[in-house]
Structure formats: C-alpha cells, structure tokens
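**Student:** okay, here's the prediction I keep looking at, along with the sequence it came from:
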Amino acid sequence: MQATTNVTDAEKKLLNPDDAELDRLFLANYGPLKRYAFTMLNDPAAAEEMVQQVFFKVLERKEPIVIHTSVKAYLYRSVNNECLNYIKHQKIKKRYENDSNETMKAHNNTPANSLQLKELEAQLRLAINQLPEQCRTIFHLSRVEELKYAEIAAQLGLSVKTVETQMSRALKKLRVSLADYLPLLLWLLIEIKKWRP
C-alpha cells in the first residue's frame with residue numbers, strides 16, 4: 001500500500017520518456033546524481049552506470065511515470081535503489097566466488113587428484129619431448145610462449161603454412177600419445193572453465 005501524501009492530482013508530475021524535458025533533466029542532474037551514487041559505491045564507473053541505468057529505465061517505459069513528489073526526489077530515490085541493488089548483487093557475487101574457490105581448493109587438494117595431475121604432467125612432458133625437434137619448437141612457441149603462427153613463422157624463418165602443418169602434426173601425435181589420459185584432460189578442462197572467475 002502506497003504512503004498517503006498531500007499531493008493533489010493537479011500537483012502530480014509526469015516523467016515522459018518522449019518528452020524533450022528528459023534531456024534537460026539528464027544534463028542538469030547527471031553530475032549531482034553521479035556524485036551521490038559515488039558516495040554509496042565508492043566506484044566512479046559503477047556510479048556512472050547506476051545513473052545511466054535510471055535514465056535508461058525511464059526511456060524504456062511506454063507510459064509516462066507519475067511522480068507524487070518532486071522529479072529531483074524521484075531521481076535520487078531511483079539512483080539510491082539502483083545502488084542498493086548493485087551492492088546486493090556484488091555481495092552475492094563475492095559470496096559465490098568465495099564458495100567456488102573453497103570448493104575448488106577442497107576438490108583439487110585430494111591426494112588422488114594430486115597424483116593424477118602429476119602423472120598427467122609427466123606423460124605430457126614425455127609426449128612433447130618425443131615430438132620431432134621442429135614440431136616440438138613450434139608447439140612450445142605456440143602453446144607456452146603464446147605466439148601467433150605469423151610470429152612463429154617470422155622467428156623461425158618459415159612460412160605460416162609450415163607452422164600450421166607442424167602444429168597440426170604435433171596435436172595429432174599428442175592426442176595419440178595421451179589417449180589414455182583423455183578423460184582426465186577433459187575433466188581438467190571442464191573444471192578450469194567452471195571455476196575460472
């Protein structure tokens with residue numbers, strides 16, 4: 001139930017999304033509203049986003065908004081609500097991240113997982129070392145040093161096509177060498193993707 005006010009129908013104001021007055025309101029109130037949001041969030045980018053969000057919501061409406069107080073009071077209350085929702089969302093997000101990190105640590109620190117990862121690491125090293133020299137060098141530059149194929153080609157004096165071919169060979173050989181470890185590799189990739197912030 002809405003609180004009763006002493007505002008008559010004649011004193012009610014309309015905030016119309018199609019009205020040119022909205023542009024003037026935005027320009028006149030943007031700075032003060034942003035400073036107000038900043039006092040709540042202590043983050044200039046988030047403060048700016050909250051103020052813009054209030055005006056976007058007005059613009060998205062098909063019907064005018066009936067305001068029972070002053071337009072300025074309405075805008076400040078709207079920014080306040082946006083900030084409170086943002087703070088609540090950030091707390092939930094932080095709690096979820098903390099819970100996820102704890103779960104990940106607990107899951108990864110089991111002796112069985114540590115042993116499996118060490119075994120996988122040893123097999124991966126062995127498989128990479130068994131690659132032909134050029135293939136191994138290109139794989140290292142691509143996957144470890146994260147160079148693009150064109151950069152590798154320039155560094156080794158090869159064509160980009162040769163680099164692509166050598167990388168394709170390296171990946172095929174590794175797939176064959178690590179076939180027994182595929183379930184563990186897939187699990188590891190899924191877990192990394194799932195828990196990455």
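**Tutor:** Yes, it's here. All values derive from a computational prediction rather than experimental measurement. Residues are numbered from 1 along each chain as shown.

**Student:** gap between the one helix or strand V79 maps to and the chain center?
**Tutor:** Using DSSP states H and E, V79 maps to helix 71-108. The chain centre lies 14 Å from the centre of helix 71-108; the measure is Cα atoms, centre = their mean, to the nearest Å.

**Student:** quick check: buried residues in that helix?
**Tutor:** Residues of helix 71-108 classed as buried: V71, Y74, L75, Y76, S78, V79, N80, E82, C83, Y86 (neighbour count, 16 or more other Cβ atoms under 10 Å). (C-beta placed from N, C-alpha, C; glycine too.)

**Student:** same question, stretch 25-45
**Tutor:** If you call a residue buried by 16+ other Cβ under 10 Å, then stretch 25-45 has these buried ones: L25, F26, N29, L33, K34, Y36, A37, F38, M40, L41.

**Student:** Provide a list of residues in contact with the last one.
**Tutor:** When the contact criterion is Cβ atoms under 8 Å, 6 or more residues apart in numbering, the partners of L41 are A47, M50, C83, Y86, I87.

**Student:** just the C-alphas of stretch 73-84, formatted as CSV.
**Tutor:** Only the C-alpha atoms of stretch 73-84 are listed here, as CSV (Å, rounded to 0.1, in the frame of the first residue of the first chain):
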residue,chain,number,x,y,z
ALA,A,73,13.5,13.4,-5.3
TYR,A,74,12.3,10.7,-7.6
LEU,A,75,15.6,10.6,-9.5
TYR,A,76,17.6,10.5,-6.2
ARG,A,77,15.4,7.7,-4.8
SER,A,78,15.8,5.8,-8.1
VAL,A,79,19.6,6.1,-8.1
ASN,A,80,19.6,5.1,-4.4
ASN,A,81,17.6,1.9,-5.3
GLU,A,82,19.9,1.1,-8.2
CYS,A,83,22.9,1.4,-5.9
LEU,A,84,21.4,-0.8,-3.3
